[in-house]
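Peer 1: I'll drop the sequence and a predicted model, then ask my questions.
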Amino acid sequence: MKIVEPRCSDGARGPAVGFMKRPCIFVVRDDLQVSPLTTTSSISFVQELHLPLDDFDEHLVEIKNSREALNLLRASLTSKAALTDSLFYLLKKRKKEMACYGWISTLARED
């Protein structure tokens, strides 16, 4: 992976700022910090928090409409936990869908 310095009109360059030259998976933290998903970055992130591994959850959230995007924008301006504050209802909805799916698949196996 190579980070390429972005072009900026005022010539300013900040640390760890750049474009990725190849497709990459990113992790977005609750405070909206974005970092490439690598083994090194994942380990350092866990070490920074001083939390046991079983305290972590992975969530996939899709922002599908302008209302969700505006909720995220609003939360990013007023909160240090923008993802949780603006999109938490999507996590609850997803858990209900998974619980319902598990119940249906259990019924299907009993037949």
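Peer 2: Arrived safely.
Peer 1: got any ranges where the chain has weak pLDDT?
Peer 2: Filtered on pLDDT under 70, the chain yields the residue ranges 1-21, 92-111.
Peer 1: in it, mark out all the strands, start to finish.
Peer 2: 3-4, 19-20, 26-28, 34-36 (DSSP state E).
Peer 1: domain map for the protein?
Peer 2: By the assignment in automatic domain parsing, the chain contains the domains 1-56, 57-111.
Peer 1: which stretches in this protein count as helices?
Peer 2: Remark: helices assigned in the chain by DSSP state H are 39-49, 66-78, 82-110.
Peer 1: Ser35 reaches Phe26, doesn't it?
Peer 2: Yes - judged on Cβ atoms under 8 Å, Ser35 makes contact with Phe26 at a distance of 6.7 Å. For glycine as for every other residue, the C-beta is placed from the backbone atoms N, C-alpha and C.
Peer 1: those two: which has the busier surroundings?
Peer 2: Neighbour count, other Cβ atoms under 10 Å: between Ser35 and Phe26, Ser35 has more, with 14 against 10.
Peer 1: which residue is the nearest non-sequential neighbour of the more buried one?
Peer 2: Ser41 (5.1 Å; Cβ to Cβ, 6 or more residues apart in numbering).
Peer 1: number of nearby residues for that neighbour?
Peer 2: By other Cβ under 10 Å, the residues close to Ser41 number 13.
Peer 1: and if you look at the one 10 residues further on?
Peer 2: Leu51 has 10 neighbouring residues, counting by other Cβ under 10 Å.
Peer 1: also Ser79?
Peer 2: Quick note: Ser79 (other Cβ under 10 Å) scores 15 neighbours.
Peer 1: let's number from 22 now, not from 1
Peer 2: That works, and once the first residue is 22, the last one we named lands at Ser100.
Peer 1: ok, now how distant is the residue nearest to Ser56 from Leu93?
Peer 2: 22 Å (Cβ to Cβ, to the nearest Å).
Peer 1: what's the answer for Ile64, then?
Peer 2: 28 Å.
Peer 1: of the two, who's got more company?
Peer 2: A count of neighbours by other Cβ under 10 Å puts Leu93 above the other of Ile64 and Leu93, at 17 against 10.
Peer 1: and that one, what does it touch?
Peer 2: 84, 103-104, 107-108 (Cβ atoms under 8 Å, 6 or more residues apart in numbering).
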